[in-house]
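In: mind folding the following:
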Amino acid sequence: MTPHFASFHYLLTLILLCTTITTTLAQPAAAPAPGPPPPTNITKILEKAGQYTTLIRLFGITKEGDQITIQLNNSNNGITLLAPPDNAFSALAPGVLNSLNDQQKDELIQFHVIPSYISTSQFQTLSNPLRTQAGDSTYYNFPLNITTNGTSVNLTTGIVNATVGSTVYTDGQLAVYQVDKVLLPMNLFGPQPPASAPAPEPEKKKKKTGDTPATDSTASSADLDLRGGLHGLMGGLIGFIATFYL
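Out: Residues are numbered from 1 along each chain as shown. Have a look, this model is predicted:
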């Protein structure tokens with residue numbers, strides 16, 4: 001191999017090597033695998049929707065927002081929130097919310113949460129009373145009943161009648177629907193259950209007739225009869241003696 005050919009061969013090899021390195025470096029790096037989706041944050045959903053300032057504040061007081069997040073990440077049942085906007089809270093009588101203690105506020109917010117996902121079409125097939133996060137759905141506690149008329153969905157608590165309005169958010173696991181009134185449960189705002197009747201007193205045993213002692217009036221009558229008999233006998237004897245001697 002001549003020196004000129006050897007130099008040309010070396011130069012060609014160097015060019016090919018540089019081209020390979022450049023091509024390799026120009027290739028984009030592989031994209032990382034997508035991670036799990038972030039947990040659903042009900043507070044951010046309401047903030048984005050707007051007009052839910054009071055409900056968000058109550059979520060903070062009661063920690064119900066955190067509870068919804070925990071349930072969404074640890075259960076396949078899903079959650080349905082019936083969300084009153086700020087104007088629904090403003091329509092309440094003055095001082096209603098301030099009159100509730102923290103536990104009662106928690107029960108009020110839980111009454112707006114159904115522990116399962118409900119699509120708009122499923123409202124037609126629900127059974128009454130609906131069981132909410134507040135628990136016992138009997139009359140004097142937390143009953144929530146639903147009626148539908150075509151596309152209209154109405155709710156009644158025994159205190160207020162409300163209508164389900166627009167869909168705020170839905171993803172197949174969490175559904176948020178606007179309601180036009182705050183849902184006031186019977187347990188907090190309704191009449192209290194009547195007091196239970198006292199147990200009847202046990203009947204006293206009646207004494208047998210033969211065991212009943214004579215009363216004072218009976219004894220007194222017997223004494224009078226005996227005295228009257230003696231007086232009559234004495235009167236008869238005196239009359240007989242007087243007749244004999246006369």
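In: neighbours of residue 173, just the number please.
Out: Using other C-beta atoms under 10 Å, residue 173 is surrounded by 14 other residues. Backbone N, C-alpha and C define where each C-beta goes, glycine included.
In: correction: the previous question concerned residue 155.
Out: Residues near residue 155, counting by other C-beta under 10 Å, number 20.
In: residues contacting the nearest residue to residue 144 once chain neighbours are set aside?
Out: Using C-beta to C-beta, 6 or more residues apart in numbering and skipping residues adjacent in sequence, the residue nearest residue 144 is residue 130, 4.5 Å away. The contact partners of residue 130, by C-beta atoms under 8 Å, 6 or more residues apart in numbering, come to 114, 137, 144, 145, 146.
In: next helix or strand past the one helix or strand the fourth one maps to?
Out: Okay, so that is residue 145. Secondary structure assigned from DSSP states H and E places residue 145 in strand 145-149. Downstream of strand 145-149, the first helix or strand assigned by DSSP H and E is strand 152-156.
In: contact partners for residue 135?
Out: 110, 141, 142.
In: closest one to residue 153 out of those residues, please.
Out: The closest of the contacts of residue 135 to residue 153 turns out to be residue 142 (C-beta to C-beta; 18.9 Å).
In: what's the closest non-adjacent residue to that closest one?
Out: Spatial nearest neighbour of residue 142, excluding adjacent residues (C-beta to C-beta, 6+ apart): residue 134 at 4.2 Å.
In: tell me the pLDDT at that neighbour?
Out: In this prediction, residue 134 carries a pLDDT score of 95.
In: rewinding a little: give me the phi and psi for the residue nearest to residue 144.
Out: Here is the backbone geometry of residue 130 (degrees, to the nearest 10): phi -70, psi 140.
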